[in-house]
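In: When you get a sec, could you give me coordinates for this:
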Amino acid sequence: MVWPIRSRISSLLCSKAPLVGSYIYDSCGCLRFSAPTSSSITRHWPKIMDWVQMDRCRAAASLPSIKEKQPESHSNRVRLGQEIKGLDEGNMAEIDSYQNLFGLMKQRFLSFKSQKYIKELEHFEALAEAQFPKFMVIACADSRVCPSNILGFQPGEVFMIRNIANLVPVMKNGPSECNAALQFAVTTLQVENILVIGHSSCAGIEALMNMQEDAESRNFIHKWVANGKLAKQRTKAATAHLSFDQQCKFCEKVSIM
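Out: A predicted model of the protein is given here:
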């Protein structure tokens, strides 16, 4: 289940300075990110959305002109098609059944390359030059809840963070991967919308609700979900008369507010 949200991310990021990086290609054609530098670029803070307003938003991004790349794209398409055909013929014998998981992943990759990447090669080449996502999504790492599948995001449309229980640590607690990604999304990519997506039957929230108060733990999971202790306190105060399962359901909603 995806809960309606009203995020407070913009207030958490008000102290962050603009951060702009650049992308360069090395001699091997690999994409590298150079050190970020200060810039006078105009800052656009996220528009905080309610879930019901999603239908009014559009994730389409303005991409660089690719007309001048068409001849190169055509030759690349032909080359990639030949490459995939060779890989298919050479590796089909390796995949005896779906028990061969690595073989299955290889076939899925080849399928993506032939059915989507080559057919939309100009689009992917434009994305290789720059990204212009309109959305940032903070979601749980749960394998059953994939935002791209649920919301139909395509490559280049969303900058995403996934962690246990879709939590955002408080800024005053110091740097974290989540907050670094938030800063990059807001100050460099200038995303316009931030969505925090929770779900039902979240094991991370259950771990949070099961934790002993003020207990010292070397467990990495416990240390992480402790970022949601305020949501737990609010839940306990409002649902003391409810069962543990009902308290967890309540906390799943409170944790994204």
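In: Please tell me how far Ala237 sits from Val158.
Out: Ala237 sits at a distance of 35 Å from Val158 (criterion: Cβ to Cβ, to the nearest Å). C-beta here means a position set from N, CA and C on the backbone, and glycine is covered the same way.
In: now do Val196
Out: Taking Cβ to Cβ, one finds Val196 at 13 Å from Val158.
In: Pull up the overlap in contacts between the two.
Out: Val137 (Cβ atoms under 8 Å, 6 or more residues apart in numbering).
In: part of a strand, is Phe159?
Out: Yes. Under DSSP: H, G, I helix; E, B strand; the rest coil, Phe159 sits within a strand.
In: In this structure it contacts Gln183, no?
Out: No. With contacts counted by Cβ atoms under 8 Å, Phe159 stays clear of Gln183, the gap being 11.6 Å.
In: pull the helix or strand with minimum mean pLDDT from the chain.
Out: strand 47-48 (a mean of 36; mean pLDDT, DSSP states H and E).
In: okay, now the domains of this structure?
Out: 9-61+131-197, 67-125, 203-254 (automatic domain parsing).
In: and the end-to-end length of the last one?
Out: Pointing back at domain 203-254 there. Terminal residues of domain 203-254 lie 15 Å apart, using Cα to Cα, to the nearest Å.
In: residues in contact with Glu252?
Out: By Cβ under 8 Å, 6+ apart, the residues touching Glu252 are 3, 198-200, 202, 205.
In: Pop out the phi and psi values for it.
Out: Dihedral angles of Glu252 (phi, psi; degrees, to the nearest 10) stand at phi -60, psi -30.
In: I'd like the numbering to begin with 128 instead of 1 from here.
Out: Fine by me, first position is 128 from now on; the one you just mentioned is Glu379.
In: And it, how close does it get to Ala307?
Out: Relative to Ala307, Glu379 is positioned 25 Å away (Cβ to Cβ).
In: With Ser241 instead?
Out: To Ala307, Ser241 is 36 Å away according to Cβ to Cβ.
In: So which of these two has more stuff around it?
Out: The neighbour count for Ser241 versus Ala307, taken as other Cβ atoms under 10 Å, is higher for Ser241 (17 against 12).
In: In a helix, that one, correct?
Out: Yes. Using three-state DSSP, the secondary structure at Ser241 is a helix.
In: Just give the number of residues close to the nearest residue to Ala308 once chain neighbours are set aside.
Out: Distances taken as Cβ to Cβ, 6 or more residues apart in numbering place Ile288 nearest to Ala308, at 4.9 Å, with adjacent residues excluded. If you count neighbours by other Cβ under 10 Å, Ile288 ends up with 21.
In: Dig out what Ile288 forms beta bridges with.
Out: Counting by DSSP bridges, Ile288 is bridged to Ile265.
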